[in-house]
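In: sequence and computational prediction follow.
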Amino acid sequence: MENIQTGLLLMVVGMTTVFIILLIVIYLGKGLIALVNTYAPEEMVVKKQTPARVSAPASAPVAAATVGTAGLSPEETAAIISAVSVATGGQGKVTEIKKL
């Protein structure tokens, strides 16, 4: 009977110790985060903006005739080619349009 009480007491003391240590770790972590945010705020990175082209390049209507269009109208094909050209800064080329 005495061994059971001793074992139970040791288990309660051990679990309490672990719980207290975990609380200490949590609050030290929160304190460290607050300290870092106070004295070393995050740097703001400014990205250089490039002006977007509004109009499609002159080659878009010609390219629309040579692209596999998957049954799209010429206006839809021209719009897709124009969007790819604007998104890639004129570097991309549409070779085929497939419906997925």
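Out: Received it, and whenever you're ready, just let me know what you need. Because the structure is a prediction, the values reported are computed rather than measured.

In: distance from the chain centre to the helix or strand containing residue 19, please.
Out: Per DSSP states H and E: residue 19 is located in helix 2-39. Offset of helix 2-39 from its chain centre (Cα atoms, centre = their mean, to the nearest Å): 35 Å.

In: number of nearby residues for residue 85?
Out: Neighbours of residue 85 under the rule other Cβ atoms under 10 Å: 21. (Each C-beta comes from the backbone N, C-alpha and C, glycine too.)

In: thought it was touching residue 92?
Out: Yes: the criterion here is Cβ atoms under 8 Å, and residue 85 meets it with residue 92 at 6.5 Å.

In: could you point out the helix or strand that follows the helix or strand of the chain with the lowest mean pLDDT?
Out: None of the helices or strands of the chain scores lower by mean pLDDT, DSSP states H and E than helix 60-66, at a mean of 48. Next helix or strand after helix 60-66 toward the C-terminus (DSSP H and E): helix 74-87.

In: can you pull the alpha-carbon coordinates of that following helix into PDB?
Out: Below are the C-alpha coordinates for helix 74-87, written out as PDB (Å, rounded to 0.1, in the frame of the first residue of the first chain):
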ATOM      1  CA  PRO A  74     -11.400  35.000 -83.300                       C
ATOM      2  CA  GLU A  75     -12.200  37.600 -80.600                       C
ATOM      3  CA  GLU A  76     -11.700  35.000 -77.800                       C
ATOM      4  CA  THR A  77      -8.500  33.800 -79.400                       C
ATOM      5  CA  ALA A  78      -7.200  37.400 -79.700                       C
ATOM      6  CA  ALA A  79      -8.100  38.000 -76.000                       C
ATOM      7  CA  ILE A  80      -6.200  35.000 -74.800                       C
ATOM      8  CA  ILE A  81      -3.100  35.900 -76.900                       C
ATOM      9  CA  SER A  82      -3.300  39.500 -75.600                       C
ATOM     10  CA  ALA A  83      -3.600  38.300 -72.000                       C
ATOM     11  CA  VAL A  84      -0.600  36.000 -72.400                       C
ATOM     12  CA  SER A  85       1.400  38.800 -74.000                       C
ATOM     13  CA  VAL A  86       0.600  41.300 -71.200                       C
ATOM     14  CA  ALA A  87       1.200  38.700 -68.400                       C
END
